[in-house]
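Asks: let's see this in three dimensions:
(one chain, ligands or ions: 3)
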Amino acid sequence: MAKKHILVVPGDGIGAEVTTVGKQVLELIAQLFDHDFTYDEALIGHVAIEATGSPLPEETLTKMRSADAILFGAVGHPKYDNDPSAKVRPEQGLLQMRKELGLYANLRPIKLFDELLDASSIKPEILRGADILFFRELTGDVYFGKRERLDDGNTAYDTMIYSKYEVERIVRKAFEAARTRSKKLCSVDKANVLESSRLWREVVQALAPEYPDVTVEHQFIDAAAMLLIKDPKRFDVVVTGNLFGDILTDEASQIAGSMGMLASASIGDSTGVYEPIHGSAHDITGKGLANPLASVLSVALLLDISFGFKAEAQAVIDAVDAVLKAGYRTRDIANTTTSPDKILGTQQMGDQILQQLKG
Ligand code: NAD
Ligand code: IPM
Ligand code: MN
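Replies: Ligands and ions are numbered 1, 2, ... in the order given. Predicted coordinates for the structure are as follows:
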């Protein structure tokens, strides 16, 4: 019996709704595969600011450091989105967590379930077979560079900054992943304009000879954004910086059908964090409309990457596949042909997954 301690950090908005389902899946997996998982919960984001004044309280960070894995929901609140002058913001909690835990690699798999071919606005023949693994650098770039307001607040700057070692460690991870897949790596940058991108490209070029079995291509971010929709199948493993990766993967969610389908793993120096790529989605919060599958698929990544439980992870993915094959949909992945009795709310979709896992 494997003993593991999991910290659940629901955060804000639909974060709480989707991690509730994610945790239920973990509990059932523990029961079915005879593992001993223990759980704790911690605050982050807006709910943490309300309770403690800080978006990442010290207590949360301490709990994070001692967990074996973290299941994360989302942060964010319209109150701050509409007040650019707010000094304390929910997103600072997320960014500080990534920095403090050294989570420099954010893996975002874009896997289209065949049953969702018609959920996307992209033509099925362009989409069929698309399967991309993004490596988004997560602790550098313009997110963490020097920023300032000048000129009585009338001028502002942020600094896009990368050091060689930061690029090297994420690019190595991407090369290694490419080796286990179709041996193709695409590096995305803006080296025709940005100095930090020229450093990025130099590092990729310098590492390439160490991976002679991997074919490397470079794309500029603007062209990559276009090619992703024109011909998603031309990509396999993609490595890019923090900001470009953030934008490209929201775009890529349309290849998988919805933001509600995309899971991610943030890994690095210590405890791994598993989180949907979507945000707190206040437009649908509290309505039971959120698709919990991104959180369920994040659980699969957690089981696989942090615990090495491959069979357990596969069981979760197979359950998602089976439920989609049975025709069940949340509203975001439904279309005009979906029968209304197959359109489920968040917990109902979770229940279908649990039932499927029980067999
Ligand atoms: P969002 O991802 O929250 O929502 C974008 C759109 O996708 C919305 O229409 C939403 O309803 C829909 N959507 C998202 N997740 C869904 C799901 N599981 N099921 C069904 N539909 C879903 O992005 P946004 O609206 O740009 O941002 C809202 C807040 O979330 C902001 O405060 C932002 O800072 C924050 N945010 C947080 C994270 C995170 O915590 N990792 C990620 C992105 C945005
Ligand atoms: C994400 C989010 C965050 C990011 C925000 C909320 C800080 O968009 O996790 O993709 O930009 O990294
Ligand atoms: Mn994002």
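Asks: contact partners for Leu248?
Replies: Contacts here follow CB atoms under 8 Å, 6 or more residues apart in numbering; on that basis Leu248 touches 134, 188, 221, 224-225, 228, 238, 240. Where you see a C-beta, it was placed from the backbone N, CA and C, and this is true even at glycine.
Asks: hmm, 7 Å instead?
Replies: Under the criterion of CB atoms under 7 Å, 6 or more residues apart in numbering, the neighbours of Leu248 are 134, 188, 224-225, 228, 240.
Asks: tell me the buried residues within those.
Replies: For these, a burial check counting by 16 or more other CB atoms under 10 Å picks out 134, 188, 224-225, 228, 240.
Asks: surely Leu185 forms part of a helix?
Replies: No. The assignment for Leu185, made by DSSP: H, G, I helix; E, B strand; the rest coil, is strand rather than a helix.
Asks: that one reaches Ala174, doesn't it?
Replies: Yes. Contact criterion CB atoms under 7 Å: Leu185 and Ala174 qualify, at 5.8 Å.
Asks: overlap of the contact sets of these two?
Replies: Common neighbours of Leu185 and Ala174 (criterion: CB under 7 Å, 6+ apart): 237, 239.
Asks: related to what we said a few turns ago, make CSV out of the buried ones among the contacts of Leu248 and add secondary structure.
Replies: Formatted as CSV, the buried ones among the contacts of Leu248 follow (three-state DSSP):
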residue, secondary structure
Phe134, strand
Val188, strand
Ala224, helix
Ala225, helix
Leu228, helix
Thr240, strand
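Asks: what about the residue of the stretch 51-200 of the chain found nearest ligand 1, distance to Ser121?
Replies: At 2.3 Å from ligand 1, Gly76 is the closest residue in the stretch 51-200 of the chain, using CB to the nearest ligand atom. Distance, Gly76 to Ser121, using CB to CB, to the nearest Å: 25 Å.
Asks: so for those two, which residue has more residues nearby?
Replies: In this view Gly76 and Ser121 are compared by other CB atoms under 10 Å, and Gly76 has more residues nearby, 21 against 8.
Asks: Three-state assignment for that one, please.
Replies: coil.
Asks: dump the residue contacts of it.
Replies: Here Gly76 is in contact with 12-13, 45, 90-91, 279-280 (CB under 7 Å, 6+ apart).
Asks: what does the stretch 101-250 of the chain put close to ligand 2?
Replies: Asp246 (CB under 6 Å from any ligand atom).
Asks: which element, helix or strand, includes the residue lying closest to Thr155 once chain neighbours are set aside?
Replies: Leaving aside its chain neighbours, Thr155 sits nearest to Arg149 (7.1 Å; criterion: CB to CB, 6 or more residues apart in numbering). Per DSSP states H and E, Arg149 falls inside strand 147-150.
Asks: next, work out how far apart the residue in the stretch 201-350 of the chain that ligand 1 sits nearest to and Glu125 are.
Replies: Nearest to ligand 1, among the residues of the stretch 201-350 of the chain, is Gly279, at 2.3 Å (CB to the nearest ligand atom). Per CB to CB, Gly279 is found 31 Å from Glu125.
Asks: more neighbours: which of these two?
Replies: The neighbour count for Gly279 versus Glu125, taken as other CB under 10 Å, is higher for Gly279 (21 against 8).
Asks: which residues touch that one?
Replies: Shown in contact with Gly279 (CB under 7 Å, 6+ apart): 74, 76.
Asks: tell me which strands the helix or strand hosting Ile132 pairs with, and in which orientation.
Replies: Here Ile132, judged by DSSP H and E, is contained in strand 131-137. Strands that pair with strand 131-137, judged by DSSP bridges, come out as strand 105-111 (antiparallel), strand 237-240 (parallel).
Asks: angle of the helix or strand following the last one against strand 131-137?
Replies: The helix or strand immediately downstream of strand 237-240 is helix 242-256, counting by DSSP H and E. Angle of helix 242-256 versus strand 131-137, following axes from the mean of the first three to the mean of the last three CA atoms, to 10 degrees, is 160 degrees.
Asks: how distant is the longest helix seen in the chain from the center of its chain?
Replies: What stands out as the longest helix in the chain, according to DSSP state H, is helix 14-33. Between the centre of helix 14-33 and the centre of its chain there are 17 Å (CA atoms, centre = their mean, to the nearest Å).
Asks: over to stretch 67-82?
Replies: The answer for stretch 67-82 is 12 Å, by CA atoms, centre = their mean.
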